[in-house]
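Participant: Quick one: sequence and predicted model below, then my questions.
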Amino acid sequence: MPDIKQIADKLIKLCNEQKFVEAYRELFGEEAESIDPLYPIMPPARGLITLIERERQFLAKAQIHSIIFSEPLISGSYFTVKLTMSFTHADRGEVNMEELCVYQVKGGKIISQQFFIG
C-alpha cells in the first residue's frame, strides 16, 4: 500500500501532466468526496463516479494554459498543496487562480478533497 507521500507525489505528477481523470481513477476511493468553492450552491460531490463526471464537465469547457503545484505538506492522514492555474473557461473567460488543496488519505486512497481559493 502506498504511503501518503507517494500518493501526494503521484497526484502532483498526474495533474502536472493534465491527467486529471486518471488521477481520480488511480488515487481516489470509491466513496471519496469533494468540497469545491467553484460549485458554491451545490452540496459536496460524493462518489468516485460523480467526481470523475464533474471533472470531465469542467475539462470540456476549459483550456488549461499552466498548472503549478507546490511540494506537499503532510500531517498525519492529510496533505496539502498550493495550486496555481491559468485557464480559459467557456463560461467564465480567462481565469488565473491560486488555491490550497487539502486531501485526506485512508487505506491507501484519497477519501476527501477540499479547495480554498485565494
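Facilitator: Alright, I've got the coordinates. These figures come from a predicted structure and were not determined experimentally.
Participant: mind listing what's buried in stretch 97-114?
Facilitator: Across stretch 97-114, burial judged by 16 or more other Cβ atoms under 10 Å covers Glu99, Cys101, Val102, Tyr103, Gln104, Val105, Lys109, Ile110, Ile111, Ser112, Gln113, Gln114. Every residue, glycine included, has its C-beta placed from N, CA and C.
Participant: Likewise for stretch 55-62?
Facilitator: Glu55, Phe58, Ala62.
Participant: ok so, going back, can you put the buried residues of stretch 97-114 in a markdown table and add pLDDT?
Facilitator: Conversion of the buried residues of stretch 97-114 to a markdown table gives the following (pLDDT from 0 to 100):
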| residue | pLDDT |
| --- | --- |
| Glu99 | 94 |
| Cys101 | 97 |
| Val102 | 98 |
| Tyr103 | 98 |
| Gln104 | 98 |
| Val105 | 98 |
| Lys109 | 97 |
| Ile110 | 98 |
| Ile111 | 98 |
| Ser112 | 97 |
| Gln113 | 96 |
| Gln114 | 95 |
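Participant: all helices of the protein, in order?
Facilitator: 4-16, 20-27, 48-61 (DSSP state H).
Participant: can you redo the ones you listed as CSV with distance to Ser70 and mean pLDDT?
Facilitator: Listed next are the helices of the chain as CSV, based on distance: least, Cβ to Cβ, whole Å; pLDDT from 0 to 100:
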stretch, distance to Ser70, mean pLDDT
helix 4-16, 9, 97
helix 20-27, 17, 97
helix 48-61, 21, 92
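Participant: could the buried residues of stretch 55-62 be laid out in JSON lines, adding distance to Ile4?
Facilitator: Below are those laid out as JSON lines (distance: Cβ to Cβ, whole Å):
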{"residue": "Glu55", "distance to Ile4": "22"}
{"residue": "Phe58", "distance to Ile4": "26"}
{"residue": "Ala62", "distance to Ile4": "29"}
